[in-house]
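Novice: Would you be able to build a 3D model of this:
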Amino acid sequence: MPVATAMAAPANVVQTDNAKATLISERQNISAGDKFYLALEMDLREHWHSYWINPGAAGLPTEIKWQLPPGLVAGDIMWPTPKAIYLGELVNYGYEGKTLYPIPFTATADFDASVPITITANTGWLVCKDICIPEVAILKLTLNQGAPEIPLNGKSIKNALAGLPPILPVEQLQGGFTVDGDQIRFSFIGGAVSNIKQGKKYLRFFPVDIGMVKHNDPQNPSFGEQGFTLWSKTGFRAKRDKLQSLDGVLVIGEGRSAKAWTVNLTENFAPDATGFDLAPDLRIAPKAIKGGLLLALLLAFVGGVLLNLMPCVFPVLSMKVMGFVTAAHEEAAKIKKHGLFFLVGVLASFLLLGGLLLALKAGGQQIGWGFQLQYPPFVAAIAVLFFVIGLNFLGLFQIGGQWTGIGSKLTKGNGNAGAFFTGVLAVIVASPCTAPAMGWAMGYTLTQSAPGSLLIFASLGLGFAAPFTLLSFYPALLRKLPKPGAWMQRFHQFMAFPMFGAAIWLVWVLGSLEGMIAIAAMLIAFLLIAFAFWSLKGKVFGKIMAGIAFVAAIIMVFNGFADRDVSGLEPQVWSPELVKNLQGEGKVVFVDFTAEWCVTCQFNKRTSLSGKKAAEVFAKYNAAFVVADWTARDDRIASELAKFGRVGVPLYLVYSPVNPEPMILPEILTPKIVEQALAKQREQESK
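Specialist: This is a model prediction of the structure:
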């Protein structure tokens, strides 16, 4: 399930393959003490959906991580009313079409309203139809005096706020919940719900807590004079933890006539005191597409077969094709054995991944198929593995068949292990993909017991392995291939290119997760790995150089995705006027001319211009951190660069409070260089 990255447009608008994300504001100018709203507007493709704060049976909620100027504080997303979205028997909570998410902001007393401010929203969402695609976007909005005018959206935000589910007075609506074994009931009374009768309205309670109910089970109502009760099955949290209250949204009706309220339910609310009929009407069921385990098993098998046609699977299956080409004229018994070992490797991997997914899901984590490719260390390791396999196919070095199942030893001795591990590797790489017919089956697994879910994973594995296993049982088809000869070496080399393509794709995935530094680190690691294998052909000195290169490659890979504290320093948006104003306030001013596409800039940012230690150094010398972002063309920045004889970034200038001429720092920074420059410019004030 590769991550879709955003294509650049205006800074506050990003268009991806499946969504248009826009960051909007209700006002242009902000002053200290103001309270105001921004909003994230999401416009999804038809028939696609994103997720509420509780995504239901599967999914991930939309998230925003803010980068804000000093004195500006963001609140939490104010979630619109969700709807139940059905995929087979899977019930998710989310949104379709256009949705506006308001976010409250406060400008504190120390907010500086005299200069333009840039608000950056690092936004991520999961968009799903039959398959799910995580997408990300960096949205930027510049406000205040001197900033370019933006279209204001106060009316849209006001309408969105008015449409949020309100909290009613207790005489209008109150409720509670009771947990009894594997059953949970939500009870509601008050004037707002006293006239709700059997079969007249769509009723659903959406709990904020992910684990309170089995989201796929119906919420069956029973009715009383003062209100109604919804009966359902308990989720893992309701069974494990004792909660005293529960927040959520009650929805009555559908479409434009629907009504929704935010409610806080208290534990052990007494429904019998309200005149409720305590026997639920079990004839009422959710509007779901009916299906059973047999249908899920069939669709999983078909989806597994079709998974072989997905692009992300081609590189690894090319290894299996190479194995068949090599083994085509060998003994039929050995070919069959390799096919069976490939099948066992695939089944074992699918069952292991399925068990891990179910275990993490039971622990409360919201993850999905392909979740391992959301972890940068894993992505980096698999990218390196594919690159190394590609080098092997090109003949830069030779490895035995015990790992990849390739080469001349495929059908001899350790070829069985090679076939097994080829199956393992194929599953690892296939897991981000979802084939037609597979989406419903994978969703259905999350509604079943562990044995039923694992049966579906096994059926998926059988379908995935079936074409190659069946081919191994009909070796006569393989013997139609030409006999071994020079063409095989050429074919062997050709198969390197799907490997390199897969490595490039994984580097792209890693970059989506970790940014440009991760991409640069992986490319340098690839260079070092290639040099290391080439050096191994030399004598003692060559082997020493190979060892050094391997160690350096490992360091580069690790540094590409290692977690770093990038908080602390709060940048201000550069302008010549801002620099003069800050100098007038007695501050040392550090100006960082940078761009997102500048690898050196990003390296310096991570090593010397971010983190708590950097913030402490800037505070020690009363220094301001000002950023001139040249990611998009800016003539004023280009003109300023030209003043210092530069045509590109990075450029680092440090101004003292008393001297208009700055100190120019080298292109490669260290924390020591930065601190010494700040100290020297601070000393000028006392001279």
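
Novice: any weak-confidence spans in the stretch 151-300 of the chain?
Specialist: Low-confidence segments of the stretch 151-300 of the chain (pLDDT under 70): 151, 197-201, 239-241, 268-293.

Novice: how about the helices in it?
Specialist: All helices of the stretch 151-300 of the chain, identified by DSSP state H, counting those that start in this stretch, fall at 154-162, 236-240, 293-307.

Novice: Could you single out the most deeply buried of those helices?
Specialist: For the helices of the stretch 151-300 of the chain, the largest average neighbour count (mean count of other CB atoms under 10 Å) is found in helix 293-307, namely a mean of 20. To be clear about C-beta, it is placed using only N, CA and C from the backbone, and glycine gets the same treatment.

Novice: mind checking which of the helices of the stretch 151-300 of the chain is nearest residue 684?
Specialist: Closest approach to residue 684 among those is made by helix 154-162 (46.9 Å; CB to CB).

Novice: Show me what the closest one is packed up against.
Specialist: If contacts are counted by 3 or more CB pairs under 8 Å, 6 or more residues apart in numbering; DSSP states H and E, helix 154-162 sits against strand 35-44, strand 98-107.

Novice: right, and those strands - which one's nearest residue 340?
Specialist: Set against residue 340 and scored by CB to CB, the helices and strands packed on helix 154-162 come closest in strand 35-44, at 44.8 Å.

Novice: what's the burial count for the closest residue to residue 574 other than its chain neighbours?
Specialist: Excluding the flanking residues, the one nearest residue 574 by CB to CB, 6 or more residues apart in numbering is residue 628, at 3.6 Å. By other CB atoms under 10 Å, 22 other residues sit near residue 628.

Novice: if we can go back for a sec, please convert the helices and strands packed on helix 154-162 to TSV, extending it with mean neighbour count.
Specialist: Below are the helices and strands packed on helix 154-162 laid out as TSV (neighbours: other CB atoms under 10 Å):
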stretch	mean neighbour count
strand 35-44	19
strand 98-107	18
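
Novice: Quick one: closest of those strands to residue 462.
Specialist: Comparing these by CB to CB, strand 35-44 comes nearest, at 34.6 Å.

Novice: Mind checking what helix or strand follows that closest one in sequence?
Specialist: strand 49-56 (DSSP states H and E).

Novice: starting at the chain centroid, how far to that next one?
Specialist: What separates the centre of strand 49-56 from the centre of its chain is 14 Å, taken as CA atoms, centre = their mean, to the nearest Å.

Novice: can you give me the angle the helix or strand following that strand makes with strand 98-107?
Specialist: Counting by DSSP H and E, the next helix or strand C-terminal to strand 49-56 is strand 63-67. Calculated by axes from the mean of the first three to the mean of the last three CA atoms, to 10 degrees, strand 63-67 forms an angle of 30 degrees with strand 98-107.

Novice: Just checking: what are the partner strands of the helix or strand following strand 63-67?
Specialist: Downstream of strand 63-67, the first helix or strand assigned by DSSP H and E is strand 72-74. Paired neighbours of strand 72-74 in the sheet (DSSP bridges): strand 98-107 (antiparallel).

Novice: From the chain's centroid, how far away is the strand it pairs with?
Specialist: A distance of 21 Å separates the centroid of the chain from that of strand 98-107, by CA atoms, centre = their mean.

Novice: Same check on stretch 111-123?
Specialist: The answer for stretch 111-123 is 25 Å, by CA atoms, centre = their mean.

Novice: Stretch 106-119 too?
Specialist: In terms of CA atoms, centre = their mean, the centre of stretch 106-119 is set 31 Å apart from its chain centre.

Novice: Might one say that residue 576 is in contact with residue 637?
Specialist: No: counting by CB atoms under 8 Å, residue 576 does not reach residue 637; the two are 10.5 Å apart.

Novice: Between the two, tell me which one has more neighbours.
Specialist: Per other CB under 10 Å, whichever of residue 576 and residue 637 has more neighbours is residue 637, with 20 against 11.
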